[in-house]
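**Q** my questions concern the predicted model and sequence given below.
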Amino acid sequence: KKSISCTTQELVSLSDRADEALQTALFVTNDLIEELLNGVRENIDYLFSYADSIALLDMLCSFCDLVAMAPNSQPFVRPTLVKTGDLRLIQLRHPITVAKQANLDFVANDCILPSKCLKILTGPNGSGKSTYIKQVAIAVVLAQIGCFVPANEAIVPIRERLLSRLGGGDDDIEHNLSSFMLEMRETSYLLAHNSSQALVIIDELGRATSTADGTALAVAVAERLAVSGTVCLFVTHFPQLCGLADMYPNVDNIHLRVEVEPDSPDNDNVSMHPINGLRPAVAVTTTALARAKRLRYLRDVGEGPFALPGGYGIQMAEICGFPPKLLHRARELQVKAIRTLPLLQLLSTGPDLEPLLVGPLREKFKLKCDRAGSDTDKRAMIMAFISDLSTVDRKHMAMLLKSVQIPSRQAVGCVQSPSSSLDHNSHQ
């Protein structure tokens, strides 16, 4: 549509004057900003120095506030930094967990890591394994940035880097990475940048894939770290890794202690509180499972691998309220796994079984070979040998498996029998 605009000479003059005033204001503002920036450029070093000083002062005040406000029962100690030597942390605590759960008694633990040491940490779910390795890493970082450490004594060798592989159920949707792919990428980076002056913490490597592949990868990575001479805390549920302590002098086994207690009627309808590192933490059954047992998390670190008769996975499922029929079926499969998996592993090694055995088991096998004679089929003799050992205690069975490589499904498929067709993923 056509429009008609009306104006006067006076309005046009006022509009032009307003535009000129705006342009003048912009020019003046630009000149002032340029003058200010020129002054800042001449003193930029002083400005950065002031900012760094204020940030440092703020950090030191935060450190002082953290240490000063800590209760007497949970002291912070000034760490002793050394170039080389053992990492020694006595009565160490996790500062974040303690601050968030101030009303609960945190169980402090010692951590002594010699140089070039690999510690294999085992224990049931919820016992505090992840909290333990994280608090060690936090203590090293705090010591090297100038903060007191939540411990009674702290001697910290200087570490040039901290490498970690934590978590097991996370993925990267943005980059189209599955949980296992992300786990492998992070582990690959860790191995590529590892050094003898690094601190490495690994939490349950290999659980995002099959049991056979996960165990093989975990053992291979642990061996690589043991040979490289790095200081490492390695958390795992794979019992095969505990055998590395018998093969490498710098590998030790530690575990988070747990007690198994018979349940009582007083414990009915009490919920489970698996808070990592905190006491008390008792997994208690409900009324429907009155005859079940309960796991008492002691939260303190013990020497050697974790050993709980019958395992802890099914007990944990029972505590969480699984149906009784399902638990009964799981225990049947567990017995089959214990009896058949060692047989499949040893048959997959071929006739050269004797070098894999140690101690009394090697003597028993040699004696059986002598009695059987040279004409006896090797595989038949191995099957008879394993059949005789299936009634001994679990300690001898662990000795039998300590040096055996975990076979793949294809490697053992040709020797599986109907009674031993249990999938490897059910053996944990």
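**A** Perfect, thanks for sending it.
**Q** any chance you could map the strands in this structure?
**A** Taking DSSP state E as the criterion, the chain carries its strands at 80-82, 87-92, 105-106, 109-113, 118-122, 153-157, 161-165, 198-203, 231-235, 251-262, 278-279, 281-283, 293-303.
**Q** do you know which of those lies nearest Cys64?
**A** Comparison of these against Cys64 by Cβ to Cβ identifies strand 153-157 as nearest, at 17.5 Å. Every C-beta, even on glycine, is put in place using the N, C-alpha and C of the backbone.
**Q** which elements pack onto the closest one?
**A** If you count contacts as 3 or more Cβ pairs under 8 Å, 6 or more residues apart in numbering; DSSP states H and E, strand 153-157 packs onto strand 80-82, strand 87-92, helix 129-144.
**Q** possible to save these as JSON lines with mean pLDDT, distance to Asn43 and mean neighbour count?
**A** Listed next are these as JSON lines, based on pLDDT from 0 to 100; distance: least, Cβ to Cβ, whole Å; neighbours: other Cβ atoms under 10 Å:
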{"stretch": "strand 80-82", "mean pLDDT": "93", "distance to Asn43": "36", "mean neighbour count": "13"}
{"stretch": "strand 87-92", "mean pLDDT": "93", "distance to Asn43": "44", "mean neighbour count": "21"}
{"stretch": "helix 129-144", "mean pLDDT": "93", "distance to Asn43": "33", "mean neighbour count": "22"}
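**Q** format those as a markdown table; extra columns: distance to Arg185.
**A** Conversion of those to a markdown table gives the following (distance: least, Cβ to Cβ, whole Å):
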| stretch | distance to Arg185 |
| --- | --- |
| strand 80-82 | 33 |
| strand 87-92 | 28 |
| helix 129-144 | 20 |
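**Q** which of these sits closest to Leu121?
**A** Across those, Leu121 has its closest neighbour in helix 129-144 (5.4 Å, Cβ to Cβ).
**Q** show me the shaky parts of the stretch 1-150 of the chain.
**A** 1, 102 (pLDDT under 70).
**Q** again, only this time at 80
**A** 1-2, 101-104 (pLDDT under 80).
**Q** biggest helix in the protein, by residue count?
**A** Of all the elements of type helix in the chain, the one with the most residues (DSSP state H) is helix 9-42.
**Q** which one is Gln144 nearest to, not counting chain neighbours?
**A** Among residues not flanking Gln144 along the chain, Ile158 sits closest, at 6.6 Å (Cβ to Cβ, 6 or more residues apart in numbering).
**Q** and if you look at Ala208?
**A** Spatial nearest neighbour of Ala208, excluding adjacent residues (Cβ to Cβ, 6+ apart): Phe180 at 3.9 Å.
**Q** can you give me the end-to-end span of stretch 317-325?
**A** For stretch 317-325, the first and last residues are 12 Å from each other (Cα to Cα, to the nearest Å).
**Q** state the mean pLDDT of it.
**A** Looking at stretch 317-325 alone, the average pLDDT works out to 83.
**Q** buried ones in that stretch, by neighbour count?
**A** Within stretch 317-325, the residues that count as buried by 16 or more other Cβ atoms under 10 Å are Glu318, Ile319.
**Q** ditto for stretch 230-250
**A** Under the neighbour-count criterion of 16+ other Cβ under 10 Å, stretch 230-250 has 230-245, 250 buried.
**Q** what of stretch 59-72?
**A** Buried positions in stretch 59-72, judged by neighbour count with 16+ other Cβ under 10 Å: Phe63, Leu66, Val67, Ala70.
**Q** ok, and what's touching it?
**A** With contact meaning Cβ atoms under 8 Å, 6 or more residues apart in numbering, stretch 59-72 is reached by Phe76, Pro95, Gly146, Cys147, Phe148, Pro150.
**Q** 6 Å instead, please
**A** Taking Cβ atoms under 6 Å, 6 or more residues apart in numbering as the criterion, the residues outside stretch 59-72 that touch it are Phe76, Cys147, Phe148.
**Q** between the residues you listed, which is nearest Arg17?
**A** Ranking these by separation from Arg17, with Cβ to Cβ as the measure, puts Cys147 on top at 63.7 Å.
**Q** so who does the closest one touch?
**A** For Cys147, the set of contacting residues under the criterion of Cβ under 6 Å, 6+ apart consists of Phe63.
**Q** rerun at 8 Å
**A** Phe63, Leu66, Val67.
**Q** could you do Asn250 as well?
**A** For Asn250, the contacting residues are Pro114, Lys116, Cys117, Leu118, Ala226, Gly229, taking Cβ under 8 Å, 6+ apart as the criterion.
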